[in-house]
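Asks: sequence unavailable; structure follows:
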């Protein structure tokens, strides 16, 4: 553990990155901006599902391979910076593609965008594995606990400002220039965010073992899962509640079906979602103090059950303003997931196995990996009501697993 000045330096370095990363995430929002862009290029539900699988599922699979590569390495910071720089490059490439999309067929445009999104997410997964490890060894347990909630509050300023800017860009500029501007801006802001990581001091640790390859890491999974029943329980929880995570982008395609979809509407949906994230982030420190991170998971599960049913009722019986309000509560869910996900991973693991656990949790969160494409196919075949109702009731299973989950940081507070 670094001394106090270094710990503070790391703390503010991570917060700097969090503020500017929040702006990048807003400009490339996976639940609104990306699906709307795919639909406007000419895709349908299946194509939205493919994009969601790339943005949400692929990096989770990649984490296991990267965790095998990084597990035995003494220093993680250089690899984290490499991943961030590749993400910046991918954002610029997406912007250039969107500005020239008129010269391409729908198939060509989607194929190129998918490739660039793949670079964006895989490089992000590479950086994410190192990020979790660096947080785990850079802060004391007490400071780390505060970091996950304070990061969300401080990032809210950047999120809210960037949401207003993005909504204005989408409303004031025509397709495809609007998306080109957003992705160019996202790349520039992510470059500024990376400055926080250049200042981070990485505590030196003894190299424990050689880096494992993908197959060797994969072969170790049964033993790890057998020794840690708590990890197994958490994986069951993530897979049950993760179906709703994969469902969220299809709220945008439902809006296109029942109302209409243009850049202005996409911007409004994004703004209401971001508003929900900002408002709820002010409440999470109190929630965590009273009920620990288990309370965050309970909120995540509850909304994952209610929202698909609410989306169907609003879309079929109520006008657009009510559907915009739905996205406010989608933002609450996204915020709860963001705050609790890395925190639970850090607390369930130790310094020795944290990188490996991050890879295992990502890879075995299978519902987010495979379900987006399956959802797109099923919606096209069966319609929205059947799929949304099934996804809602799948979320109920998560409460069963949550009852069995032990979260050490919650007991430390008790």
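Replies: Now that the structure is in, tell me what you want to look at. Every value quoted in this text rests on a predicted model; they were computed, and no experiment measured them. Residues are numbered from 1 along each chain as shown.

Asks: CA atoms for contacts and neighbours, from now on please.
Replies: OK.

Asks: helix or strand with the lowest mean pLDDT in the protein?
Replies: Counting by mean pLDDT, DSSP states H and E, the chain has its least confident helix or strand at helix 408-413, which shows a mean of 47.

Asks: so who does the nearest residue to residue 22 once chain neighbours are set aside touch?
Replies: The shortest distance from residue 22 to any non-neighbouring residue, by C-alpha to C-alpha, 6 or more residues apart in numbering, is to residue 159 (5.5 Å). Applying C-alpha atoms under 8 Å, 6 or more residues apart in numbering, we find residue 159 in contact with 19, 22-23, 26, 274, 278.

Asks: got CSV for the residues you listed, with neighbour count, distance to residue 257 and secondary structure too?
Replies: CSV is the format used below for the contacts of residue 159 (neighbours: other C-alpha atoms under 10 Å; distance: C-alpha to C-alpha, whole Å; DSSP: H, G, I helix; E, B strand; the rest coil):
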residue, neighbour count, distance to residue 257, secondary structure
19, 22, 35, helix
22, 26, 30, helix
23, 27, 29, helix
26, 27, 24, helix
274, 29, 23, helix
278, 24, 28, helix
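
Asks: which pair of the residues you listed spans the longest distance?
Replies: Farthest-apart pair in the contacts of residue 159 is 19 and 274; separation 14.0 Å (C-alpha to C-alpha).

Asks: that older thread, export the contacts of residue 159 to JSON lines and tack on distance to residue 251 and pLDDT?
Replies: Shown next, in JSON lines, are these (distance: C-alpha to C-alpha, whole Å; pLDDT from 0 to 100):
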{"residue": "19", "distance to residue 251": "27", "pLDDT": "77"}
{"residue": "22", "distance to residue 251": "22", "pLDDT": "78"}
{"residue": "23", "distance to residue 251": "22", "pLDDT": "82"}
{"residue": "26", "distance to residue 251": "17", "pLDDT": "80"}
{"residue": "274", "distance to residue 251": "15", "pLDDT": "84"}
{"residue": "278", "distance to residue 251": "20", "pLDDT": "81"}
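
Asks: just the pLDDT at residue 49, thanks.
Replies: Here, the pLDDT recorded for residue 49 equals 86.

Asks: what about it, neighbour count?
Replies: Using other C-alpha atoms under 10 Å, the number of residues around residue 49 comes to 26.

Asks: can you tell me how far it is from residue 391?
Replies: Residue 49 sits 15 Å away from residue 391, taking C-alpha to C-alpha, to the nearest Å as the criterion.

Asks: hang on, the earlier thing: which one of the contacts of residue 159 is nearest residue 340?
Replies: Scanning these for proximity to residue 340, where the rule is C-alpha to C-alpha, the winner is residue 278, at 15.4 Å.

Asks: would you confirm that the closest one contacts residue 158?
Replies: No - using C-alpha atoms under 8 Å, residue 278 makes no contact with residue 158, being 9.7 Å away.

Asks: which parts of the stretch 251-400 of the chain are helices?
Replies: Secondary structure of the stretch 251-400 of the chain by DSSP state H, counting those that start in this stretch: the helices cover 263-281, 284-317, 320-348, 354-363, 366-382, 384-404.

Asks: just name the most buried of these.
Replies: A comparison of the helices of the stretch 251-400 of the chain by mean neighbour count, using mean count of other C-alpha atoms under 10 Å, puts helix 354-363 on top with a mean of 26.

Asks: what's the average pLDDT for that helix?
Replies: Mean pLDDT, helix 354-363: 66.

Asks: quick one: the helices in the stretch 1-150 of the chain?
Replies: 4-27, 33-41, 45-52, 58-70, 77-99, 106-138, 141-172.

Asks: now do the second one, average pLDDT.
Replies: Model confidence over helix 33-41, given as mean pLDDT, is 88.

Asks: what's the angle from it to helix 77-99?
Replies: Here helix 33-41 runs at an angle of 30 degrees relative to helix 77-99 (axes from the mean of the first three to the mean of the last three C-alpha atoms, to 10 degrees).

Asks: any weak-confidence spans in the stretch 151-300 of the chain?
Replies: The model of the stretch 151-300 of the chain has pLDDT under 70 over residues 152, 202-220, 261-263.

Asks: which ones are touching the residue nearest to residue 81 when sequence neighbours are not counted?
Replies: Using C-alpha to C-alpha, 6+ apart and skipping residues adjacent in sequence, the residue nearest residue 81 is residue 127, 7.0 Å away. Applying C-alpha under 8 Å, 6+ apart to residue 127 gives the contacts 79-84.

Asks: export these as TSV, with columns for neighbour count and distance to residue 153.
Replies: Formatted as TSV, the contacts of residue 127 follow (neighbours: other C-alpha atoms under 10 Å; distance: C-alpha to C-alpha, whole Å):
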residue	neighbour count	distance to residue 153
79	18	28
80	22	24
81	20	25
82	14	27
83	22	25
84	23	23
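
Asks: before we move on, back to that, which of the helices of the stretch 251-400 of the chain sits closest to residue 228?
Replies: Among the helices of the stretch 251-400 of the chain, helix 320-348 comes nearest to residue 228, with 9.5 Å by C-alpha to C-alpha.

Asks: sorry, back to before: what's the per-residue pLDDT of the residue nearest to residue 81 here?
Replies: 73.
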